[in-house]
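Visitor: quick one, what's the 3D model for this:
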Amino acid sequence: LGEDEEEPDMWEESYGGHSDSKPNGPTAVAMDFTFTGLDNVYGIPQHADTFSLKDTSTTDPYRLYNLDVFEYELWNPMALYASIPFMMGHSAKGSVGLFWLNAAEGFIDIKKDGQGLLGSVSSMFSAKTEKQVDTFWMFESGIMDMFIMMGPTPKDISRQYGSLTGNTPLPQEFAIAYHQCRWNYNDQEDVNMVEAKFDEHDIPMDVMWLDIEHTDGKKYFTWDSRKFPDSVAMIENLSSHGRKLVTIVDPHIKKDSGYWVHNDLSSKGLYVKNQDGGDYEGWCWPGASYYPDFLNAEARDYFAEQYKLSVYKGSTLDCYTWNDMNEPSVFNGPEVTMAKDKMHGEVEHRDMHNMYGMLYTMATHKGHLIRSENTLRPFVLTRSAYAGSQRYAAIWTGDNTAEWGHLEASIPMCLSLSIAGMGFCGADIGGFFGNPDGELFVRWYQAAAFQPFFRSHAHIDTKRREPWLYSAGEMALIRTAVRSRYALLPLWYTLFYEQEQDGTPPMRPLWYEFPEDEGSYAKEGSHMVGSSLLVAPVLTKGSTQVNVYFPGSTLWYDIWSHQKLDVSGSMNYAAPYEKIPVFQRGGTIIPRRERVRRSAALMHDDPITLVVAPDKEGKASGTLYLDDGKSFAYQQGAKLYMQFTWDNGKMESKMISPPGMSTPVWLERVLVLGSAPPPGQVATVSSPLLTSSAQASYDYTTQVLTVRRPGVKLDMEWTIRV
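Guide: Modelled structure (predicted):
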């Protein structure tokens with residue numbers, strides 16, 4: 001445009017009854033990035049789409065703009081609750097990462113035909129050009145602040161990205177167990193009844209959740225005294241069984257002169273402002289609401305103070321927090337969010353919209369630290385996220401629906417979040433909207449048991465769906481799925497510790513572990529748990545088999561039957577109603593706890609079973625991490641981190657870091673899968689304290705060698721010879 005030329009809407013825009021004053025005029029920034037030598041790029045969550053990002057030449061671009069989306073659509077690039085401007089490209093030659101630090105609204109176009117502009121020109125002179133993916137990035141405002149990560153492996157990219165934005169801190173043990181939620185459990189009696197029913201039906205459960213109806217008129221940090229007359233007694237009842245409570249605390253603050261939070265924020269000038277300097281008023285669950293300016297550290301500090309037990313009366317240290325609606329959601333705002341020309345001090349909302357939710361979780365996380373005097377690890381769940389949110393909160397995929405497609409979409413959505421730093425992710429089991437039938441509900445539990453965040457949740461208008469409200473057979477299958485999660489908690493906890501150390505997410509794409517397996521690059525519907533488990537859930541109604549893609553050229557072992565498979569590539573695998581295909585990778589060792597109890601806390605000191613899956617050379621290795629499960633003492637060395645190795649009949653435990661605590665946890669059993677019969681029925685056990693023997697037995701049907709009760713404690717090194 002010439003100096004005197006202007007396009008419509010450059011300085012002010014009106015749409016849908018809303019207006020945007022655009023006081024700074026056009027401020028967009030854009031750049032092209034070409035990923036050469038590859039066909040697939042991943043990341044830029046959050047979208048309900050395939051994991052390998054699609055070509056957008058004939059569709060809308062992928063949009064990054066945090067929004068409260070009601071009943072979101074599948075398999076398209078529409079904006080959702082989180083926006084992380086990070087993309088990873090991968091090929092057999094290596095991985096590369098791209099991060100643009102920009103929290104404004106963004107659009108990303110992708111061209112995947114393998115020929116960009118340079119390719120088109122060079123093709124005039126050459127019959128062959130290198131394949132590539134062309135991407136075009138544009139943000140409404142901001143600066144050119146990009147970071148390129150050179151890998152060369154996917155794990156290197158995760159480590160490099162973590163060095164920029166932070167890694168997910170190790171959560172408390174309860175947080176990676178099972179969570180029970182709905183909008184809303186009616187009252188204190190309802191909570192007590194549901195908790196008791198889990199015990200009655202022998203289904204483990206660690207956390208009960210309360211949605212917005214538990215408050216006094218949607219005023220957060222309060223309780224409805226008629227429904228919850230003694231919330232402390234309710235929480236203490238949960239605590240006595242090793243359980244916790246989570247309550248919702250949303251960012252919108254009710255306009256109520258009798259509400260101390262509103263009065264304080266108003267008098268301190270800590271609300272987001274209109275252009276004229278007045279407090280911005282929107283509409284949300286309480287009705288007329290105001291929105292704290294979380295870009296202001298004073299506002300974050302004020303919110304953090306509200307979590308003190310002396311302020312949040314009726315809470316205890318076993319009450320944790322759910323930050324919802326933090327895009328932010330504004331029911332009468334443009335696209336159900338805050339108008340872009342609202343002000344955070346001297347900063348326009350348009351410049352930082354996508355980080356508003358993260359700033360809110362920063363305040364909550366700090367509040368958890370303050371109230372426990374920095375002794376207990378926080379637990380916060382957020383719906384909205386930006387790059388770095390992983391330092392403060394777990395995330396879920398938002399308001400999904402009780403449909404098979406949403407179960408299917410939970411896998412690529414969580415994988416996209418995982419490689420973009422948000423490794424503590426999950427989806428509402430059964431779907432938030434709608435009423436899942438028994439088959440969908442069972443299959444969803446089976447899949448979700450192998451995802452990092454494991455929670456059932458439902459809309460207020462849905463039918464009650466606690467597991468015992470389904471048929472006895474379906475409830476039994478749900479029980480089996482939940483118990484399978486609890487048996488693997490030692491593996492999950494170890495993976496979360498390792499994620500804090502190096503950024504590697506617990507839930508991974510196949511190619512993350514098999515980077516040279518080109519057949520895995522565009523595979524959908526399956527994933528790895530750490531380096532050791534391949535999970536291929538049932539994702540379609542009525543299916544009793546799954547087409548499983550086995551990457552690499554290693555052995556695999558069915559974790560349910562222990563059958564050994566020497567297979568590479570795709571094969572149909574039986575998936576009867578009672579299980580989904582899950583396989584242990586040859587060359588790995590997995591820690592388990594077989595004594596499943598009502599909650600993770602009650603299993604904390606239980607013995608460990610090690611499952612050894614030898615590779616083709618008869619070798620395997622694995623790790624185990626132990627600490628107190630709740631405090632920060634591990635950061636001062638109060639932990640045990642060990643490696644196990646198996647080499648053709650000899651098993652060793654070696655400490656990776658110096659042992660910093662003692663533990664009553666001992667080794668109960670060793671299972672060696674696909675084994676030949678041992679030469680005898682006795683195993684020799686050696687440790688610094690003793691040399692003893694243990695019984696060794698062999699099952700000729702399953703080809704499993706079992707060493708029973710070696711008796712060694714896990715705070716020392718030892719050797720077992722069979």
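Visitor: could you give me the average pLDDT of stretch 460-471?
Guide: Mean pLDDT, stretch 460-471: 98.
Visitor: kindly report the same for stretch 474-492.
Guide: Mean pLDDT, stretch 474-492: 98.
Visitor: and if you look at stretch 329-346?
Guide: 97.
Visitor: following element in sequence after the helix or strand of the chain with the lowest mean pLDDT, please.
Guide: For the chain, the helix or strand with the lowest mean confidence is helix 117-122, at a mean of 41 (criterion: mean pLDDT, DSSP states H and E). Sequence order places strand 132-139 as the next helix or strand after helix 117-122, per DSSP states H and E.
Visitor: list of residues touching that next one?
Guide: 28-41, 61, 85, 87, 89, 100, 102, 104-112, 114-117, 119 (C-beta atoms under 8 Å, 6 or more residues apart in numbering). To be clear about C-beta, it is placed using only N, CA and C from the backbone, and glycine gets the same treatment.
Visitor: partners of that strand in the sheet?
Guide: strand 29-36 (antiparallel), strand 106-111 (antiparallel) (DSSP bridges).
Visitor: got the buried residues for the first one?
Guide: This means strand 29-36. 29, 33, 35, 36 (16 or more other C-beta atoms under 10 Å).
Visitor: one more: stretch 220-229?
Guide: For stretch 220-229, the neighbour count (16+ other C-beta under 10 Å) marks 220, 221, 222, 223, 224, 227, 228 as buried.
Visitor: quick one: which of those is nearest to residue 510?
Guide: residue 220 (41.8 Å; C-beta to C-beta).
Visitor: and the residue nearest to that closest one when sequence neighbours are not counted, how many neighbours?
Guide: The shortest distance from residue 220 to any non-neighbouring residue, by C-beta to C-beta, 6 or more residues apart in numbering, is to residue 249 (4.5 Å). Neighbour count for residue 249, taken as other C-beta atoms under 10 Å: 24.
Visitor: hang on, the earlier thing: of the contacts of strand 132-139, just the buried ones, PyMOL syntax please.
Guide: Selection of buried members from those for PyMOL, criterion 16+ other C-beta under 10 Å:
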select buried, resi 29+33+35+36+38+39+40+41+61+85+87+89+100+102+104+105+106+107+108+109+110+111+112+115+116+119
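Visitor: ok so, going back, nearest to residue 464, of the buried residues of stretch 220-229?
Guide: Closest approach between the buried residues of stretch 220-229 and residue 464, by C-beta to C-beta: residue 227, at 16.7 Å.
Visitor: can you put the strands paired with strand 132-139 in a markdown table and add mean pLDDT and distance to residue 167?
Guide: Converted to a markdown table, those look like this (pLDDT from 0 to 100; distance: least, C-beta to C-beta, whole Å):
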| stretch | mean pLDDT | distance to residue 167 |
| --- | --- | --- |
| strand 29-36 | 97 | 25 |
| strand 106-111 | 98 | 24 |
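Visitor: quick one, strands of the stretch 101-250 of the chain?
Guide: For the stretch 101-250 of the chain, the strands defined by DSSP state E, counting those that start in this stretch occupy 106-111, 132-139, 146-149, 178-180, 207-210, 244-248.
Visitor: quick one: closest of those to residue 690.
Guide: strand 178-180 (38.1 Å).
Visitor: given that closest one, what are its sheet partners and their directions?
Guide: Here, using DSSP bridges, strand 178-180 pairs with strand 207-210 (parallel), strand 454-456 (parallel).
Visitor: which of those is buried the deepest?
Guide: strand 207-210 (a mean of 24; mean count of other C-beta atoms under 10 Å).
Visitor: for it, the distance to its chain's centre please.
Guide: Strand 207-210 sits 18 Å away from the centroid of its parent chain (C-alpha atoms, centre = their mean, to the nearest Å).
Visitor: same question, stretch 71-88
Guide: Worked out by C-alpha atoms, centre = their mean, stretch 71-88 lies 15 Å from the chain centre.
Visitor: buried residues in it?
Guide: 72, 74, 77-88.
Visitor: check stretch 60-72 too.
Guide: By neighbour count on 16+ other C-beta under 10 Å, the buried set for stretch 60-72 is 61, 62, 63, 64, 65, 66, 67, 68, 69, 72.
Visitor: and the helices in the stretch 401-550 of the chain?
Guide: 404-419, 438-448, 472-487, 489-502, 510-513 (DSSP state H, counting those that start in this stretch).
Visitor: list the buried residues for the third one?
Guide: Of all the residues in helix 472-487, those buried under the rule 16+ other C-beta under 10 Å are 474-487.
Visitor: let's have the residues you listed in TSV, adding distance to residue 194.
Guide: As requested, the buried residues of helix 472-487 are arranged in TSV below (distance: C-beta to C-beta, whole Å):
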residue	distance to residue 194
474	18
475	14
476	19
477	20
478	14
479	15
480	20
481	18
482	14
483	18
484	22
485	19
486	18
487	23
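Visitor: tell me which of the residues you listed is nearest to residue 296?
Guide: Nearest to residue 296 among these is residue 485, at 40.5 Å by C-beta to C-beta.
Visitor: show me what contacts the closest one?
Guide: Counting by C-beta under 8 Å, 6+ apart, the residues that residue 485 touches are 177, 178, 204, 449, 450, 454, 492.
Visitor: turn these into TSV, including distance to residue 465.
Guide: Converted to TSV, those look like this (distance: C-beta to C-beta, whole Å):
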residue	distance to residue 465
177	19
178	14
204	18
449	17
450	21
454	16
492	25
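Visitor: quick one: which of those is nearest to residue 23?
Guide: Once C-beta to C-beta is applied, the member of the contacts of residue 485 that ends up nearest residue 23 is residue 454, at 46.1 Å.
Visitor: quick check: that closest one vs residue 557, distance?
Guide: For residue 454, the distance to residue 557 equals 24 Å [C-beta to C-beta, to the nearest Å].
Visitor: ok so, going back, take the buried residues of strand 29-36 and write them to CSV, including distance to residue 310.
Guide: Listed next are the buried residues of strand 29-36 as CSV, based on distance: C-beta to C-beta, whole Å:
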residue, distance to residue 310
29, 47
33, 51
35, 53
36, 59
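Visitor: what about the nearest residue to residue 528 once chain neighbours are set aside, how many residues close to it?
Guide: Spatial nearest neighbour of residue 528, chain neighbours left out: residue 508 (4.4 Å); criterion: C-beta to C-beta, 6+ apart. Per other C-beta under 10 Å, the neighbour tally for residue 508 reads 23.
Visitor: surely residue 508 and residue 417 touch.
Guide: No. The pair residue 508 / residue 417 is not scored as a contact, 11.9 Å apart, by C-beta atoms under 8 Å.
Visitor: quick one: pLDDT of residue 8?
Guide: Value listed for residue 8 in the pLDDT field: 71.
Visitor: same check, this time on residue 128
Guide: In the predicted model, residue 128 carries a pLDDT score of 47.
Visitor: also residue 124?
Guide: 40.
Visitor: number of residues surrounding residue 458?
Guide: Residue 458 has 25 neighbouring residues, counting by other C-beta under 10 Å.
Visitor: quick check: closest non-adjacent residue to it.
Guide: Residue 458 sits nearest to residue 182 (C-beta to C-beta, 6+ apart), 4.5 Å away.
Visitor: where does that neighbour fall, phi/psi-wise?
Guide: phi -160, psi 160 (degrees, to the nearest 10).
Visitor: contact partners for it?
Guide: 209, 211, 456, 457, 458, 460, 462, 464, 465.
Visitor: hmm, residue 608 is touching residue 592, no?
Guide: Yes. With contacts counted by C-beta under 8 Å, residue 608 reaches residue 592, the gap being 7.0 Å.
Visitor: can you check which residues contact both of those two?
Guide: Joint contacts of residue 608 and residue 592 (C-beta under 8 Å, 6+ apart) are residue 490.
Visitor: gap between the two ends of stretch 592-599?
Guide: End-to-end span of stretch 592-599 (C-alpha to C-alpha, to the nearest Å): 15 Å.
Visitor: and the contacts of that stretch?
Guide: 174, 177, 198-199, 204-206, 241-243, 483, 486-491, 603, 606-611, 668-669.
Visitor: nothing else from me, thank you.
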